[in-house]
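Student: Predicted model and sequence follow; I will ask about them next.
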Amino acid sequence: MSVARLQAISGILFAIFLILHLATTTSVVGGPATYDAVLEGTRHVYRPHIIVEVLLIGLAGTVHIVCGIVRIVRRRREPNRVKPSLVIRIHHWAGYVLLLAIAGHVFATRVMPALATGPTATGSADFSYLAYSILGWPLFMKPYYVLLGAAGAIHLGLGLGLAAGVLSGGRIDPRKLQRFAVAGAAVLTILVVSGALSIIRHSPSADRSRFVEYRALYERFLPFMMGARKAD
């Protein structure tokens, strides 16, 4: 199997989780309670068992990233490589943003809560957990959430079109695929960025009853961040 096909298959598998993840972000438009309800509902889809989560998210995501890095290296070694189209470049740029952010994002929103004790040990970031980071590091977190959400939506929308083209072996008109992919990515980006902006808008009124727990969590696992934090 070629690296391109393996990347396409792993990307489609990971897209199952990413669609749910971005839908959860978008749901904040309906308010924090809606976000927490959607988050709880999506957990039952991709987290019925740790093995499902590891295979669907961990393995598929890792394979997709490794294939992407291999293809980046190969492209750079091509002596007379052709400059890709603007759509492809945008897809690549969005992927680079995700590549830079994914390790820290997974650690802060999944690993850290899973390693916590007491009520915080939910293994996921509910709305008040997100609000804690927004209120604590606003200059960093506000643009971070918007940029990460936009990059995820763009990479997903364009990537599904590219994956369909690779797996179809050229049987689907590439121009039609690209038009659908661009339209889908545009709609997804609008929805997800609206959700990210809603996270920022609703954070000041979030429930703060668990902020003491979150502070302890950050002091335990990310103590270097606490010096730059605004007062609770």
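Tutor: Arrived safely.

Student: contacting residues around A101?
Tutor: If you count contacts by CB atoms under 8 Å, 6 or more residues apart in numbering, A101 has them with Y144, L148, A151. Where you see a C-beta, it was placed from the backbone N, CA and C, and this is true even at glycine.

Student: same thing but at 7 Å, please
Tutor: A101 makes contact with L148 under the criterion CB atoms under 7 Å, 6 or more residues apart in numbering.

Student: and it, helix, strand or coil?
Tutor: helix (DSSP: H, G, I helix; E, B strand; the rest coil).

Student: Against Q7, how distant is it?
Tutor: Per CB to CB, to the nearest Å, A101 is found 19 Å from Q7.

Student: go on, A131?
Tutor: 36 Å.

Student: check contacts around the residue nearest in space to the middle of the chain.
Tutor: By CA atoms, centre = their mean, the chain has its centre lying nearest to G152, at 5.2 Å. Contacts for G152 (CB under 7 Å, 6+ apart) come out as L18, L22, L98, V192.

Student: roughly how far is the lowest-mean-pLDDT helix or strand in the chain from the heart of the chain?
Tutor: Sorting the helices and strands of the chain by mean pLDDT, DSSP states H and E puts helix 50-53 at the bottom, at a mean of 72. Taking the mean of its C-alpha atoms, helix 50-53 sits 18 Å from the chain's own mean (CA atoms, centre = their mean, to the nearest Å).

Student: before we move on, what about stretch 44-57?
Tutor: That offset, for stretch 44-57, works out to 16 Å (CA atoms, centre = their mean).

Student: Quick check: buried residues in it?
Tutor: Within stretch 44-57, the residues that count as buried by 16 or more other CB atoms under 10 Å are E53, L56, I57.

Student: about what we covered before: hmm, which two among the contacts of G152 are most spread apart?
Tutor: L98 and V192 (12.8 Å; CB to CB).

Student: which helix of this protein spans the most residues?
Tutor: helix 138-168 (DSSP state H).

Student: where does this structure dip in pLDDT?
Tutor: Applying pLDDT under 70 to the chain flags residues 46-49, 116-124, 227-232.

Student: list the helices and strands the helix or strand L13 falls within packs on?
Tutor: Here L13 is covered by helix 3-26, with elements defined by DSSP states H and E. With contacts defined as 3 or more CB pairs under 7 Å, 6 or more residues apart in numbering; DSSP states H and E, helix 3-26 has these neighbours: helix 32-46, helix 60-77, helix 138-168, helix 174-202.

Student: Restricting the selection to alpha carbons, write the second one to CSV.
Tutor: Put plainly, it is helix 60-77. Taking C-alpha atoms only, helix 60-77 is exported to CSV below (Å, rounded to 0.1, in the frame of the first residue of the first chain):
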residue,chain,number,x,y,z
ALA,A,60,-5.2,6.4,13.2
GLY,A,61,-3.9,9.9,14.2
THR,A,62,-0.3,8.7,14.6
VAL,A,63,-0.3,6.8,11.3
HIS,A,64,-1.7,9.9,9.6
ILE,A,65,0.9,12.2,11.1
VAL,A,66,3.8,9.8,10.3
CYS,A,67,2.6,9.4,6.7
GLY,A,68,2.3,13.2,6.4
ILE,A,69,5.9,13.7,7.6
VAL,A,70,7.2,11.0,5.2
ARG,A,71,5.4,12.8,2.3
ILE,A,72,6.8,16.2,3.4
VAL,A,73,10.3,14.8,3.4
ARG,A,74,9.8,13.2,0.0
ARG,A,75,8.4,16.4,-1.5
ARG,A,76,11.4,18.4,-0.4
ARG,A,77,13.8,15.9,-1.9
